[in-house]
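S.K.: Mind looking at a prediction? Sequence and model below.
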Amino acid sequence: MGEPLLEMRSATVSYRTAAGLVPAVRGVDLRIDAGQTLGLAGESGCGKSTLAMSVLRLLPRSAVLGGEVLLGGENVTDMTWGRLGHPSELLKVGQQLEVLVLDINKLELFSGWHFGAAVGPLFADRRYNDYYYTVDPQFATAQRPAYQAPAGFDGMQVLLSTSRRFKNWWVGAFVRYQSLDGAVVRDSPLVRQRYALAGGFGVAWIFARSGTLVDAYE
C-alpha cells in the first residue's frame, strides 16, 4: 500500500479560553488513499467542520492543532500557504467546487431545523478519473473498449440537506442529484447513466456530553 493522500494521526483541536484549553476534537486517526471518499456525519457542533478546516489550516486563531495532519505525506503545519493552496494538492483530497452554498438555521415555520443547499460543478484530476473511468487495453472487450479518462470538468451536483436536534436525539436527511452532461468522462464505457439521484437519512443518540462547551463554526 502506497503513501495515503490524507492521513491524520492522533489529531486534536482545542480552543483557548479564559479557563484554559478546551478540547473540541480528540485523537482522530484516519487514512484516505487515492480514489477513496470519506464522509463525516454527526450533530451540529460535533466537530465535522473543525476537523475539515484543520486540513487547510483555516481554524480560528484561538484554535490549537495537535497530533499530525499529513497531506501527501507532508505535515500541513510545515507547508507554505502557496503550496497548501495549490489546486493540484486540493484535488487529491476533494474534487468538488461548490459555487453556491446556503445554510439556513432558523425559519419561523420550521423552528429548530437546519437546512443546507450546495450547487456546483465537479472537477477532478487525472488520477481520480483514471481510477473510476479508465479501461486499460488489457481489460478491453468488444462491449467495453479501451478508454483513457482525462482530467477536467466532471459534471454538476445539487445537494439538499436538513437536520434537527431533539434533546438527546439528532436526525438528518439529504438528497443529491448529479449530472454528467458535458463531463470529460461522459463517453467512458463504464458510464451506464448520465444522471443519478441519491438520498439518505440518519439518527444519532447522544448518550454523554461534556460539561464544558465552546463556540465553533459548524
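M.R.: Yes, it's here.

S.K.: And stretch 171-188, how far out from the chain middle?
M.R.: Counting by C-alpha atoms, centre = their mean, to the nearest Å, stretch 171-188 is centred 15 Å from the centre of its parent chain.

S.K.: With stretch 151-170 instead?
M.R.: Between the centre of stretch 151-170 and the centre of its chain there are 10 Å (C-alpha atoms, centre = their mean).

S.K.: Is P150 located within a helix, as I assumed?
M.R.: No. Counting by DSSP: H, G, I helix; E, B strand; the rest coil, P150 is not part of a helix but coil.

S.K.: give the contact list for it.
M.R.: The neighbours of P150, taking C-beta atoms under 8 Å, 6 or more residues apart in numbering as the test, are 126, 129, 184-185. Using the backbone N, CA and C atoms, a C-beta is placed for each residue, glycine as well.

S.K.: where does it fall, phi/psi-wise?
M.R.: phi -90, psi 170 (degrees, to the nearest 10).

S.K.: ok, now the one 5 residues further on?
M.R.: Dihedral angles phi and psi of G155 (degrees, to the nearest 10) take the values phi 110, psi -170.

S.K.: can you give me the helices for this protein?
M.R.: Taking DSSP state H, the helices of the chain run over residues 48-55, 81-84, 87-93, 126-133.

S.K.: Tell me how the chain divides into domains.
M.R.: Here the domain parsing of the chain from automatic domain parsing is 1-94, 95-218.

S.K.: which one of the contacts of P150 is nearest A52?
M.R.: N129 (23.2 Å; C-beta to C-beta).

S.K.: and that closest one, how many residues sit next to it?
M.R.: Using other C-beta atoms under 10 Å, N129 has 23 other residues around it.

S.K.: so it touches V185, yeah?
M.R.: Yes. Proximity of N129 to V185 meets the contact threshold set by C-beta atoms under 8 Å, at 5.5 Å.

S.K.: Need the overlap of contacts for those two.
M.R.: 149-150, 154.

S.K.: All good on my end, thank you.
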